[in-house]
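Engineer: Sequence first, then the predicted structure, then my questions.
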Amino acid sequence: MSKLEAWAPDGLPEVEAGDDLAALVLAALGDGAELADGDVVSVTSKVVSKAEGRTRPGDREAAIDEETVRVLARRGATRIVRHRLGLTMAAAGVDASNVAVGSVVLLPLDPDGSARALRHEIHRRAGINVGVIITDTAGRAWREGQTDIAIGAAGLLVAEDFAGQVDPHGNPLSVTLPAVADELAGAAELVQGKLSGRPVAVVRGRADLVLPPGEDGPGATSLVRPEGGDLFGWGAREAVVRALAGDAADREPFGSTAPAEELSAALDRLPDGADRTALAAVCFAHGWRLEDWDAEVAGR
């Protein structure tokens, strides 16, 4: 039998810049009495940011601009961006809820570092070896609604790699990689709630994922795909415009250069008589220059 438990304590006070977050977390958990080795402590990024002084007065749109590396897609007032941490999210994670009117909260500067510091302090003060995740809310490209994900992690295997193993029927597993840190974040959010004032949660039952003291693991950063590694580096509309514009600075999000056979198949889908502007755009989106494709065809 496998069993998973999750709970979120009441009573955490409003967190302010400079607060001792480890002390607040331990106090909320009965000075650590509710914790056991192998537990995973989940803390929302918002309280981490507040403790680290990442709250500030000012305009939300300006803050989004500062935290954004590039805009992937824009639909009306909504911007989906690549954040400076590599995360792809709406509004760069800038939040104006549960904070004083006229203020905004930015994501922590280094969520993995924040998780490491909190884990270390829990172990030092309470003698308990836990994993720590820092969570934030994110949407999904193919589904309505949002769920919490881990943007920071310490002392935890953030993914289980089953590639190369076989299932009970003997079928080989090739790309099975459950993002368990995100799954734990979602479980924690179920007991925290959005309006309940419970930003800390404990998830128990996956001690096999928690690393020994002194081993912090790869962190949640390891779950972030590199630029160009995502199949959706641009929004649908934006990809068309970027490909037609052909600016070299826009190339990387389209991914690595496609094999000649893949580009040839894409070009074959264009209508007969497509002009060179269309040909060049398809080449650009596949990592080629039209001139290089012309040379490839001539050399066959």
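Structural biologist: Nice, I can see it.
Engineer: Not counting its own residues, what contacts the helix or strand harbouring Ser49?
Structural biologist: Assigned by DSSP states H and E, Ser49 belongs to helix 45-51. Residues external to helix 45-51 that are found in contact with it (C-beta atoms under 8 Å, 6 or more residues apart in numbering): 12, 15-21, 24, 55, 93, 95, 98-99, 105-108, 111, 114, 118, 134-136, 151-152, 199-200. Any C-beta I mention is one placed from the backbone N, CA and C, and that applies to glycine too.
Engineer: Now which of those residues would you call buried?
Structural biologist: 12, 15, 19, 21, 24, 55, 93, 95, 99, 105-108, 111, 114, 118, 134-136, 151-152, 199-200 (16 or more other C-beta atoms under 10 Å).
Engineer: In helices only, show me the residues you listed.
Structural biologist: Cross-referencing the buried ones among the contacts of helix 45-51 against helices under DSSP state H gives Leu21, Leu24, Pro111, Ser114, Leu118.
Engineer: of those, closest to Thr277?
Structural biologist: Using C-beta to C-beta, Pro111 is the member of these that lies nearest Thr277, at 43.3 Å.
Engineer: residue contacts, the closest one?
Structural biologist: Ser45, Val48, Leu85, Ile134, Ile151, Gly152, Ala220.
Engineer: now with 6 Å?
Structural biologist: Residues in contact with Pro111 (C-beta atoms under 6 Å, 6 or more residues apart in numbering) are Ile134, Ile151, Gly152.
Engineer: nearest residue to it other than its sequence neighbours?
Structural biologist: Gly152 (2.7 Å; C-beta to C-beta, 6 or more residues apart in numbering).
Engineer: Quick check: that neighbour touching Gly113?
Structural biologist: No: assessed by C-beta atoms under 6 Å, Gly152 is found out of contact with Gly113, at 7.6 Å.
Engineer: Okay, and the beta partners of the nearest residue to Asp95 once chain neighbours are set aside?
Structural biologist: Nearest residue to Asp95 in three dimensions, chain neighbours excluded: Val105, at 4.7 Å (C-beta to C-beta, 6+ apart). With DSSP bridges as the criterion, Val105 is bridged to Thr55, Asp95.
Engineer: ok, now how distant is Val105 from Leu195?
Structural biologist: Distance, Val105 to Leu195, using C-beta to C-beta, to the nearest Å: 16 Å.
Engineer: and Leu118, how far is that from Glu67?
Structural biologist: 22 Å.
Engineer: check contacts around Val180.
Structural biologist: Glu160, Leu209.
Engineer: Equivalent analysis for Leu173, please.
Structural biologist: Phe162, Gln165.
Engineer: roughly how far apart are it and Asp161?
Structural biologist: Counting by C-beta to C-beta - Leu173 and Asp161 are separated by 9 Å.
Engineer: repeat for Asp31
Structural biologist: Per C-beta to C-beta, Asp31 is found 37 Å from Asp161.
Engineer: where do the helices sit along the stretch 51-200 of the chain?
Structural biologist: Taking DSSP state H, counting those that start in this stretch as the criterion, the stretch 51-200 of the chain carries its helices at 60-67, 111-126, 180-192.
Engineer: Just send the ones you listed back as JSON lines, with distance to Arg225 and mean pLDDT too.
Structural biologist: Shown next, in JSON lines, are these (distance: least, C-beta to C-beta, whole Å; pLDDT from 0 to 100):
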{"stretch": "helix 60-67", "distance to Arg225": "19", "mean pLDDT": "94"}
{"stretch": "helix 111-126", "distance to Arg225": "16", "mean pLDDT": "98"}
{"stretch": "helix 180-192", "distance to Arg225": "13", "mean pLDDT": "97"}
